[in-house]
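S.K.: Return atomic coordinates for the entry below.
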Amino acid sequence: MFLEFIYPLVRYFTPVNVFLYLTFRSAYAALTTLLICFLFGGKIIEILRKLKIGQSIREDGPETHLAKTGTPTMGGVFIIISVLISMLFWGDLGSPMIWIVMGSFAAFGTIGFMDDFLKVRRNNSKGLPVWGKLAGQALIAITIVLILYFSGGEDITSLYIPFFKNPVIDLGWLWIPFGVLLIVAESNAVNFSDGLDGLLAGLLILVFITLAILTYITGRIDYSSYLGIPYIPGAGELTVFCLAAAGACIGFLWFNAYPAEVFMGDVGSLSLGGVIAVISLIIKKEILILVIGGVFVLEIASVVIQVCCYKIRKKRVFKMAPLHHHFELSGWPEAKVVIRFWILGGLFAIIALSTLKIQ
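M.R.: Residues are numbered from 1 along each chain as shown. Coordinates of the predicted model:
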């Protein structure tokens with residue numbers, strides 16, 4: 001929207017041309033979300049506290065977490081609001097990709113909001129029934145994937161794997177169920193990773209910065225050609241969204257760092273997880289996103305392993321799932337678990353970026 005006013009001014013005052021540069025808009029999108037969170041985060045937390053929108057702690061969780069009962073939750077709301085406001089200022093609203101990403105962001109946030117609302121209303125850790133949450137996620141994912149399938153180019157169904165320059169296989173119509181599965185799985189994997197103060201926000205900062213780099217070079221025909229990765233016209237505009245999301249997560253981390261003043265809630269984790277998967281589908285990094293979000297993969301894998309082993313053998317592999325709780329119950333202080341998982345997330349991001357040249 002801001003760009004609509006800037007375009008006509010360039011012919012009269014050329015210095016404002018800087019506002020049209022993608023790198024400039026991306027940087028200021030991040031700064032905008034960061035400032036919004038800093039300026040209004042405390043007020044929003046106070047409102048949540050007055051409305052008694054507090055976190056309900058799962059009964060089978062670590063005993064140390066019981067002290068967190070009542071901490072304001074649904075803080076992901078001001079992540080979503082700050083990103084959407086920032087995009088209105090700095091995003092190119094003429095880009096279909098921007099609308100697809102923002103639409104999926106808001107849609108998954110709605111599912112998370114409903115889940116959080118029911119938890120607060122019932123005063124326990126049970127929100128939407130599992131089937132209801134998965135059905136909602138699947139419906140949104142199907143809609144998004146069908147839009148991408150019918151509006152994308154001829155390369156949309158090709159599957160690229162790290163270390164391989166050319167697509168390994170053309171999935172054809174199978175790309176549709178594959179994309180739906182990826183979106184739903186990634187959304188839940190990110191949701192499972194939200195369990196310790198600052199853990200998820202820190203990991204998401206690393207993921208979105210990495211995605212910002214990938215979207216930028218994917219949208220540049222010169223860089224993508226040099227690196228041997230698929231060129232996606234218009235994908236560079238997603239860099240604005242990625243850095244806006246990174247800025248919002250940094251601003252949220254200010255209040256979510258140990259000891260947390262507010263929790264993200266499903267409204268934040270589901271929306272951010274879902275949009276990460278959608279971006280990866282658009283820029284043809286469906287497999288690489290599993291490396292970038294390697295910690296998320298480990299978290300959801302630990303849940304699947306724990307559930308399957310208990311049902312089959314009546315034994316638990318981990319002291320508690322998701323994985324971060326296993327290390328917490330093994331004697332690691334919460335802050336140490338968070339920092340070490342951040343380090344692991346950074347390593348996954350570096351490995352993912354290294355694959356751009358090693359192919």
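
S.K.: Count the residues that sit near residue 207.
M.R.: Residue 207: 29 surrounding residues under other C-beta atoms under 10 Å. In this view, the C-beta of every residue, glycine as well, is placed from N, C-alpha and C.

S.K.: mean confidence score for the helix or strand where it lies?
M.R.: For residue 207, the enclosing helix or strand under DSSP states H and E is helix 199-218. Mean pLDDT, helix 199-218: 97.

S.K.: just checking, next helix/strand downstream of it?
M.R.: Next along from helix 199-218, by DSSP H and E: helix 221-227.

S.K.: got the contact list for that following helix?
M.R.: 216, 217, 218, 230, 231, 232, 356, 357 (C-beta atoms under 8 Å, 6 or more residues apart in numbering).

S.K.: cool, stretch 144-164 as well?
M.R.: 96, 100, 103-104, 167-176, 178-180, 183, 229-230, 232, 278, 281-282, 284-288, 291, 352, 355, 358-359.

S.K.: let's see 6 Å
M.R.: Identification of contacts with stretch 144-164 by C-beta atoms under 6 Å, 6 or more residues apart in numbering yields 104, 167-172, 175-176, 179-180, 230, 278, 284, 287-288, 355, 358-359.

S.K.: cool, and stretch 256-271?
M.R.: For stretch 256-271, using C-beta under 6 Å, 6+ apart, the contacting residues are 45, 55, 71-77, 79-80, 105, 108-109, 111-113, 115-116, 187, 190-191, 194, 197-198, 201, 255, 335.

S.K.: And the residues you listed, which of them are buried?
M.R.: If you count burial by 16 or more other C-beta atoms under 10 Å, the buried members of these come out as 45, 55, 71-77, 79-80, 105, 108-109, 111-113, 115-116, 187, 190-191, 194, 197-198, 201, 255.

S.K.: Would you quantify the distance from residue 217 to residue 230?
M.R.: Taking C-beta to C-beta, to the nearest Å as the measure, residue 217 falls 11 Å from residue 230.

S.K.: who has more neighbours, those two?
M.R.: residue 217 (21 against 18).

S.K.: nearest spatial neighbour of that one, skipping sequence neighbours?
M.R.: Nearest residue to residue 217 in three dimensions, chain neighbours excluded: residue 223, at 4.1 Å (C-beta to C-beta, 6 or more residues apart in numbering).

S.K.: Distance check, that neighbour against residue 275.
M.R.: On the measure of C-beta to C-beta, residue 223 and residue 275 end up 23 Å apart.

S.K.: higher neighbour count, those two?
M.R.: residue 275 (33 against 15).

S.K.: Now the closest residue to residue 329 other than its chain neighbours: phi and psi?
M.R.: Among residues not flanking residue 329 along the chain, residue 319 sits closest, at 4.2 Å (C-beta to C-beta, 6+ apart). Backbone torsions of residue 319, given as degrees, to the nearest 10, read phi -60, psi -30.

S.K.: what's around residue 319, how many residues?
M.R.: So residue 319, with other C-beta under 10 Å, has 13 neighbours.

S.K.: Next: residue 188.
M.R.: By other C-beta under 10 Å, neighbour count at residue 188 equals 21.

S.K.: helix/strand/coil for residue 286?
M.R.: Classification of residue 286 using DSSP: H, G, I helix; E, B strand; the rest coil returns coil.

S.K.: Ramachandran coordinates for it?
M.R.: Dihedral angles (degrees, to the nearest 10) for residue 286: phi -60, psi -40.

S.K.: State whether it and residue 277 are indeed in contact, as I suppose.
M.R.: No - applying C-beta atoms under 6 Å, one finds residue 286 not in contact with residue 277, separated by 8.3 Å.
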